[in-house]
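Q: prediction below, plus the sequence it came from.
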Amino acid sequence: MTDINPVEFGVLKAELAAQRRDIDRIVGRLDELTQSVQKIEKTLSEARGGWKALAWVSGISGSLGAAMTWVANHLGRG
């Protein structure tokens with residue numbers, strides 16, 4: 001049978017408890033970082049949709065402006 005030194009055992013228990021606390025803090029921090037990344041992804045997704053809408057509006061406005069200019073030039077000559 002192996003003799004266990006109670007002092008060394010107590011030190012090991014304390015070290016294990018400290019490591020568990022550290023791991024719990026790390027896990028909590030990882031959860032916070034995961035939530036932050038998810039918020040960033042959502043914001044980027046919304047921004048991407050906004051840029052697409054802006055591109056569509058710009059394209060339509062440019063086309064309408066060109067059409068109005070063409071009509072004004074051709075009606076002005078008549």
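A: Ah, there it is.
Q: please report phi then psi for Glu46.
A: phi -70, psi -40 (degrees, to the nearest 10).
Q: below-threshold pLDDT in this structure: ranges please.
A: 1, 77-78 (pLDDT under 70).
Q: mind running it again at 80?
A: 1-2, 49, 76-78 (pLDDT under 80).
Q: do a quick rundown of the helices in it.
A: Assigned by DSSP state H, the chain shows helices spanning 6-77.
Q: for the spatially most central residue of the chain, what are its contacts?
A: Taking CA atoms, centre = their mean, the centroid of the chain lies closest to Ile40, which sits 2.1 Å from it. Applying CB atoms under 8 Å, 6 or more residues apart in numbering to Ile40 gives no contacts. Quick note: C-beta positions are derived from backbone N, CA and C, even for glycine.
Q: distance check, it against Ala47.
A: 10 Å (CB to CB, to the nearest Å).
Q: one step back: distance of the residue nearest to the centre of the chain from Pro6?
A: 51 Å.
Q: next one: the residue nearest to the centre of the chain from Glu32, what distance?
A: Applying CB to CB to Ile40 and Glu32 gives a distance of 13 Å.
Q: ok, Asp31 to Arg25 distance?
A: Asp31 is 11 Å from Arg25, by CB to CB.
Q: just Met68 next, same as before
A: Plainly put, Met68 is 64 Å away from Arg25 if you go by CB to CB.
Q: now do Arg48
A: From Arg48 to Arg25 the distance is 35 Å (CB to CB).
Q: same check on Val71?
A: From Val71 to Arg25 the distance is 69 Å (CB to CB).
Q: equivalent analysis for Ser45, please.
A: Distance from Ser45 to Arg25, by CB to CB: 31 Å.
Q: same check on Lys39?
A: 21 Å.
Q: for Phe9, same thing?
A: As for Phe9, its distance to Arg25 is 25 Å (criterion: CB to CB).
Q: and what of Thr2?
A: 34 Å.
Q: and these two? Which one has more around it.
A: The residue with more neighbours, out of Thr2 and Arg25, is Arg25; 10 against 3, by other CB atoms under 10 Å.
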